[in-house]
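> dropping a prediction and its sequence here:
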Amino acid sequence: MKETRYFYVPNAECSNELPAEEAAHASRVLRLESGDEVFLIDGAGCFFKAQLTLVTKSRCLYDIVERLPQEKKWRGRIAIAMAPTKVIDRVEWTLEKATEIGVDEFSLLNCAFSERRNVKLERLDKIVVAAVKQSRKAWKPLLNDIQSFEHFVKQPRKGVKYIAHCYAEIDKKDLYNELTQLNCDEEVTILIGPEGDFSIEEVRLAMSQGYVSVSLGQSRLRTETAALAATMIAQLAFRK
């Protein structure tokens with residue numbers, strides 16, 4: 001019996017053909033054939049059982065057999081905004097693992113102490129798609145391009161907003177304690193700084209815009225570890 005295969009197909013119900021990259025993977029790598037059963041992920045909360053009707057080297061057509069709406073495994077909405085690290089592999093790892101754990105939105109910040117001020121969003125999006133398929137998530141996280149810290153914090157955002165930092169002179173609340181006291185259907189945004197932390201001016205700016213100063217615990221964490229810890233803390237607080 002062949003292993004069940006999942007493919008990311010936005011607006012799957014409005015089409016009958018796999019996207020080009022997914023088609024190439026299905027035909028050239030997996031060597032699927034006409035008549036094989038596959039599952040499609042639309043990234044908006046639904047799986048589809050489908051049957052391939054035509055497979056060539058560059059095209060794969062399908063017929064939908066069954067629509068399978070999914071229920072999200074956590075309540076509320078989790079948004080992480082992180083300053084990308086100098087080594088892009090660590091950003092890619094963070095995105096992959098956060099997607100597997102479960103996150104609704106991931107943004108990248110250009111901060112005062114940032115060591116990387118540009119990213120290839122298309123490549124990062126492919127990593128997110130691969131993680132969605134690997135972890136069989138029905139929802140694809142929204143991935144936002146890098147933007148200035150000031151612009152991000154001054155934008156209106158729904159729900160409760162937090163900034164995690166290491167400044168001893170600024171009072172901090174424990175993130176987990178904060179999240180467990182919220183309505184479980186709340187939207188939360190959590191900011192994670194670069195390796196040198198946010199500047200103290202950035203922390204104060206965020207707080208002036210309604211962000212709550214928080215700690216992720218007693219350990220001093222690398223940027224990518226902090227982003228993943230924040231994702232996991234939110235998941236534990238909001239899990240069903």
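Arrived safely.
> where do the helices sit along the protein?
20-24, 88-101, 121-135, 149-154, 175-180, 200-208, 223-238 (DSSP state H).
> and stretch 169-177, which residues are buried?
In terms of neighbour count (16 or more other CB atoms under 10 Å), stretch 169-177 has its buried residues at 172, 175-176. For every residue, glycine as well, the C-beta is placed using N, CA and C.
> so how far is Ala23 from the residue lying closest to Asn118 once chain neighbours are set aside?
Excluding its sequence neighbours, the residue lying closest to Asn118 (CB to CB, 6 or more residues apart in numbering) is Ile146, at 6.4 Å. As judged by CB to CB, to the nearest Å, Ile146 and Ala23 stand 31 Å apart.
> any figure for the gap between the residue nearest to Asn118 and Glu71?
In terms of CB to CB, Ile146 sits 33 Å off from Glu71.
> now stretch 100-118: how far from the chain's centre is it?
Counting by CA atoms, centre = their mean, to the nearest Å, stretch 100-118 is centred 10 Å from the centre of its parent chain.
> pull up the distance across it, start to finish.
Start-to-end span of stretch 100-118 (CA to CA, to the nearest Å) is 24 Å.
> same question for stretch 181-200.
OK, stretch 181-200 end separation, CA to CA: 27 Å.
> buried ones in that stretch?
Here stretch 181-200 shows 182, 186-194, 197-199 as buried, counting by 16+ other CB under 10 Å.
> do stretch 97-116 as well
Buried residues in stretch 97-116, defined by neighbour count with 16+ other CB under 10 Å: 97-99, 101-112, 114, 116.
> that stretch - what's its average pLDDT?
Averaged over stretch 97-116, pLDDT sits at 97.
> how is this protein partitioned into domains?
By the assignment in the TED database, the chain contains the domains 6-69, 77-238.
> most tightly surrounded among those domains?
Mean neighbours per residue, mean count of other CB atoms under 10 Å, is largest over these for domain 77-238, with a mean of 18.
> endpoint to endpoint, that domain covers what distance?
9 Å.
> now the phi/psi pair for Lys158, please.
The phi/psi pair for Lys158 (degrees, to the nearest 10) reads phi -70, psi 160.
> would you confirm that it contacts Val188?
No - look at Lys158 against Val188 with CB atoms under 8 Å: they stay out of range, at 9.6 Å.
> could you list the low-pLDDT ranges of this protein?
Filtered on pLDDT under 70, the chain yields the residue ranges 1-2.
> show me what Val55 bridges to in the sheet.
Cys60 (DSSP bridges).
> and the gap between it and Ile190?
Taken as CB to CB, the span from Val55 to Ile190 is 43 Å.
> distance check, Glu150 against Leu205.
Separation of Glu150 from Leu205 (CB to CB) stands at 7 Å.
> please read the previous query as pertaining to Thr231.
Taking CB to CB, one finds Thr231 at 24 Å from Leu205.
> go on, Asp104?
24 Å.
> go on, Ser34?
58 Å.
> please apply the same query to Phe152.
Counting by CB to CB, the gap between Phe152 and Leu205 amounts to 10 Å.
> same question, Leu18
Taking CB to CB, one finds Leu18 at 45 Å from Leu205.
> next one: Leu182
From Leu182 to Leu205 the distance is 23 Å (CB to CB).
> cool, Asp197 as well?
Taking CB to CB, one finds Asp197 at 14 Å from Leu205.
> now swap in Arg77 and tell me
Distance from Arg77 to Leu205, by CB to CB: 24 Å.
> also Ala230?
20 Å.
> got it, and Cys111?
11 Å.
> what is in contact with those two at once?
By the contact definition CB atoms under 8 Å, 6 or more residues apart in numbering, Cys111 and Leu205 are jointly contacted by Phe149.
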